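Trainee: this is a predicted model, with the sequence first.
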Amino acid sequence: MTFSDYNSDKQPIGALLVTTLLFFFTFTISCSDNPTSPAEDDPVNVQDVDGNTYPVVRIGEQLWMSENLRAARYANGDSIRHVSEFQAWNGLNEGAWVLYANNSSNLNSYGKLYNWFAATDSRGICPDGWKVPSDQNWQRLEIYLGMSAQHAGYSLGRGGSENIGGKMKSTSMWQDPNEGATNESGFNGRPGGRLYPTGGFSGLNSFGYWWSTTEFNPPDSYSRNLFYQNGEVYRVAISKRNGISIRCIKA
């Protein structure tokens with residue numbers, strides 16, 4: 001709707017003035033709630049229970065870790081189960097982690113892969129005061145980066161025309177062409193791949209998957225996915241028994 005759409009016999013000039021002022025007020029408040037630069041009291045980094053340190057980035061009104069989680073313990077100090085055998089993953093109903101290809105050289109660059117049960121365990125997997133994002137948290141990030149609210153609620157690939165995925169991807173570590181990658185958001189999304197619940201690693205350097213805490217149905221939960229071949233960000237429901245990455249957001 002344009003300004004001229006209000007200028008009709010059905011819209012009194014007083015109502016037009018009130019509507020315009022309300023729009024201006026709402027727009028001003030919205031902008032003030034979505035800073036584009038760090039606040040003075042923003043942390044530079046955050047540390048998990050194991051002593052791993054992660055850089056922190058402000059994206060709109062949200063604070064995100066800009067690296068994938070590497071913790072081997074919950075916030076209360078209890079160990080997260082380490083499961084390296086494919087056969088065990090499909091039957092798990094408790095939290096677990098694994099390194100891609102069971103290779104320790106992947107830890108610092110890509111973090112650990114976790115199932116959904118670890119991501120949502122009541123003991124907390126993120127540093128104190130942080131949490132695994134909900135689907136709504138992810139949507140707020142996407143909308144801030146330019147996606148429409150309508151498209152944010154869609155599934156599969158979205159935001160390609162606005163290059164939302166490209167704004168979230170790191171500019172290195174991805175296979176060519178790493179389409180659209182600018183990392184202008186600072187999210188620094190890296191292609192850590194996944195472990196399928198039936199066994200088998202796939203996608204290192206090709207795609208990155210991250211959990212949300214929001215269930216799609218009892219067996220599945222929403223995730224976010226970035227791919228090397230386009231600038232979209234995918235909203236996909238996958239089995240909770242997948243092993244994928246975790247990013248934490250300030251609670």
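Mentor: Sure, I can see it. Numbers count the residues shown, from 1 in each chain.
Trainee: buried ones in the helix or strand hosting residue 143?
Mentor: Here residue 143, judged by DSSP states H and E, is contained in helix 135-144. Under the neighbour-count criterion of 16 or more other Cβ atoms under 10 Å, helix 135-144 has 135, 137, 138, 139, 140, 141, 142, 143, 144 buried. Where you see a C-beta, it was placed from the backbone N, CA and C, and this is true even at glycine.
Trainee: and for it, what's in contact with it?
Mentor: 34, 59-62, 64, 133, 149, 152-153, 158-159, 164, 185, 187, 212-214, 222, 224, 233, 235, 249 (Cβ atoms under 8 Å, 6 or more residues apart in numbering).
Trainee: how about the helices in the stretch 51-200 of the chain?
Mentor: Applying DSSP state H, counting those that start in this stretch to the stretch 51-200 of the chain gives helices spanning 86-89, 107-110, 116-119, 135-144, 149-152, 164-168.
Trainee: comparing these, which yields the minimum mean pLDDT?
Mentor: Among these, helix 86-89 has the lowest mean pLDDT, at a mean of 84.
Trainee: and stretch 116-127, what's buried?
Mentor: 116, 117, 118, 119, 120, 121, 124, 125, 126, 127.
Trainee: got the end-to-end distance for that stretch?
Mentor: This stretch, stretch 116-127, spans 17 Å end to end (Cα to Cα, to the nearest Å).
Trainee: contacts for that stretch?
Mentor: With contact meaning Cβ under 8 Å, 6+ apart, stretch 116-127 is reached by 46-49, 54, 69, 71, 74-76, 78, 80, 92-97, 114, 131-132, 211, 213, 221, 240-242, 246, 248.
Trainee: write the ChimeraX selection for whichever of those are buried.
Mentor: The ChimeraX selection below is limited to those of those classed as buried (16+ other Cβ under 10 Å):
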select :46,48,49,54,69,71,74,75,80,92,95,96,97,114,131,132,211,213,221,240,241,242,246,248
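Trainee: okay, the most centrally placed residue in the chain and residue 164: tell me how far apart.
Mentor: What sits nearest the mean C-alpha location of the chain, by Cα atoms, centre = their mean, is residue 138, with 5.3 Å. Distance, residue 138 to residue 164, by Cβ to Cβ, to the nearest Å: 11 Å.
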